[in-house]
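S.K.: Fold the following for me, if possible:
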Amino acid sequence: MKNIEGDPDFIIWTGDDTLHTSDEDKYLGTELVLETIRNLTDLIKGTFPNTTVHACLGNHDYHHKSQIPPGPSYILSNVAEYWRDWMTEEQFQMFNSTGQYSVEIATKVNLISLNTNVWYTSNHGVNGTGDPGSYFKWFENQLQQARTGSAKVYVIGHVPPGHFELVDYKYWFYPSYNERYVDIIRRYSDVIIGQFFGHHHTDTFRMFYDENNKAISNLLIAPGVTPWMTTLPGAKDGANNPGVRLFEYDVTTMIPTDYVQYYLNLPDANNNGRADWLEEYRATSAFELPDLTTSSWDALSKRLASADVSDQTSEDTKMLQKFSEINSVSYNFATCDKQCQLNQVCAVRELNYEKYKACVSGGITLVPVFYLLMFSCAVLLWNSF
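M.R.: Numbers count the residues shown, from 1 in each chain. Next up, the predicted model:
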């Protein structure tokens, strides 16, 4: 990325930096997790010494994985020190205590970094009830302060709400936490101009709708730098090529206007002995979008839902196939059949758990109600003008 865009305005780093293994006690430990995060931090600082990084922790940035408590911890305090150069003292103290912080990235534009790992179903340090550490309350307060001050907000995090699109019924947040997150986005959608998440390793997006089924917000999930073959039951060849995303945005409003997805074709790299990072696609061109507004993403979701997979010659079906291939960062080129379509579209359009379940089991409806949900990934942003 240094060769592609050597001076980005800032970088969004959504975490998950350590080995993904089921045998943690053999291959990982607290100090090795910290060493990994520190090494990557030093690498990014050395490569982009004049660029501020806005970072958050992934569920694998802890030992044991996902067991991240609400509040301060030994790992959190160490990571806070690694990232201190990128924060003010106030932000450092907040992150040191919670793994969350808010920062003004432009006039009247704030970035909120969430520690969504606390709401993750694999985190047994919480029980899925209440508001652990008052993280939701803090999130709402930050959004309310932005609204009061006529500011706009980027939201970043690691684990997103909703379901994983490669298998049936795999959701990430405890149900009550998922409902609360969606409710917060619905109430403050006028403030939020971008949501950027990871965890999946795949390339996709999610839609939010209000009570009148009007699209009000969207969430972008960028693919992971790390190629990972998911072990979740039911996934078919669920791996990805490595990817990094470069956003363009309006310098007046900070609203993203387009992005270019870069990727490493890993099989080719292994065969050629050379890692060539190439442009995979430009969003507006690949998805035939006029812009990256919520209404444009909603139109794409409807197009994917309307595709008749029995007719591989139709333009909507061709778009569904392209979307499915892009989802794997151009790794899996299998035909997107009806089940693939259901999994992809229901995940994009139905964030509510019950409505998602009805969508996957009963078929896609074009009456939306909610929407759904990146792992180790860097997102770089630069001015479009």
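
S.K.: contacting residues for Phe323?
M.R.: The contact partners of Phe323, by CB atoms under 8 Å, 6 or more residues apart in numbering, come to 287, 300, 304, 336, 344. Placement of C-beta: from N, CA and C, glycine included.

S.K.: can those go into a markdown table with extra columns for neighbour count, pLDDT and secondary structure?
M.R.: Converted to a markdown table, those look like this (neighbours: other CB atoms under 10 Å; pLDDT from 0 to 100; DSSP: H, G, I helix; E, B strand; the rest coil):
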| residue | neighbour count | pLDDT | secondary structure |
| --- | --- | --- | --- |
| Phe287 | 20 | 98 | coil |
| Leu300 | 20 | 98 | helix |
| Leu304 | 23 | 98 | helix |
| Cys336 | 23 | 97 | coil |
| Gln344 | 23 | 97 | helix |
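
S.K.: what about the helices in the stretch 1-150 of the chain?
M.R.: Taking DSSP state H, counting those that start in this stretch to define them, one finds helices in the stretch 1-150 of the chain at 24-27, 30-47, 74-82, 89-98, 135-148.

S.K.: where does the stretch 201-350 of the chain dip in pLDDT?
M.R.: Within the stretch 201-350 of the chain, the set of residues satisfying pLDDT under 70 is empty.

S.K.: again, only this time at 90
M.R.: Counting by pLDDT under 90, the stretch 201-350 of the chain has low-confidence residues at 228, 230-234, 236.

S.K.: sorry, back to before: quick one: closest of the helices of the stretch 1-150 of the chain to Ala239.
M.R.: Distance to Ala239, taken as CB to CB, is lowest for helix 24-27 among these, at 20.0 Å.

S.K.: Any chance you could list what contacts the closest one?
M.R.: Helix 24-27 has contacts (CB under 8 Å, 6+ apart) with 19, 21, 63-65.

S.K.: average pLDDT across it?
M.R.: What helix 24-27 shows for mean pLDDT is 94.

S.K.: if we can go back for a sec, could you tell me the least trusted of the helices of the stretch 1-150 of the chain?
M.R.: With a mean of 94, helix 24-27 has the lowest mean pLDDT of the helices of the stretch 1-150 of the chain.

S.K.: before we move on, the earlier item: quick one: the contacts of Phe323 as CSV, columns for distance to Lys236 too.
M.R.: Below are the contacts of Phe323 laid out as CSV (distance: CB to CB, whole Å):
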residue, distance to Lys236
Phe287, 23
Leu300, 23
Leu304, 19
Cys336, 11
Gln344, 13
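
S.K.: No further queries at this time; thank you.
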